[in-house]
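S.K.: I'll drop the sequence and a predicted model, then ask my questions.
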Amino acid sequence: MLRALIIYYGLLQTAHILTLIRAGIIFKNTGDLPFPVPPPRSGWNQQVVPFLIAMGLVDAAAIVMALFFSYSGVFGGIIRHRLGIISLTAAGASAAVFAAGTHAAGAWSAHPRAYWIMVFLFAPLLPLFILLLGS
């Protein structure tokens, strides 16, 4: 089960970094900040944009750690427990701050299904975190 969760984590974070890169390119070229989860009905308030960009940068750092952890665990046969715990802690903290900010902005009430899908996709990271803590 641990190996399957590590593979899932690596695949999820690969998709995550590709999404962030795409969002960064679009933002640089158009000034729009696209996400796979939609903004509140009124759009992202300009005061929220720096918050979202900062969250993306924190995510990018956590993703680099996650990819190294996943790669070494899957292809190298070395499960770096401490690195996994650190990357999952960073990802979880970032997710909590992102959820609080987007909820306060009204995005969750405007598009609940999109945000709950995101929660569903990231939910398997909690058992991975628990397994790493216990081993």
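M.R.: All right, it came through fine. Numbering: from 1, shown residues only.
S.K.: Quick check: which element contains residue 88?
M.R.: Assigned by DSSP states H and E, residue 88 falls within helix 81-104.
S.K.: Which neighbouring elements make contact with that helix?
M.R.: helix 2-30, helix 49-74, helix 107-110, helix 112-122, helix 125-134 (3 or more CB pairs under 8 Å, 6 or more residues apart in numbering; DSSP states H and E). For every residue, glycine as well, the C-beta is placed using N, CA and C.
S.K.: looking at these, which is closest to residue 101?
M.R.: helix 49-74 (5.6 Å; CB to CB).
S.K.: in that closest one, what's buried?
M.R.: Applying a neighbour-count criterion of 16 or more other CB atoms under 10 Å, one finds 51-52, 55-56, 58-59, 62-63, 65-70, 72-73 buried in helix 49-74.
S.K.: Then stretch 10-29?
M.R.: Going by neighbour count (16+ other CB under 10 Å), the buried part of stretch 10-29 is 10, 12-13, 16-17, 20, 23-24, 27.
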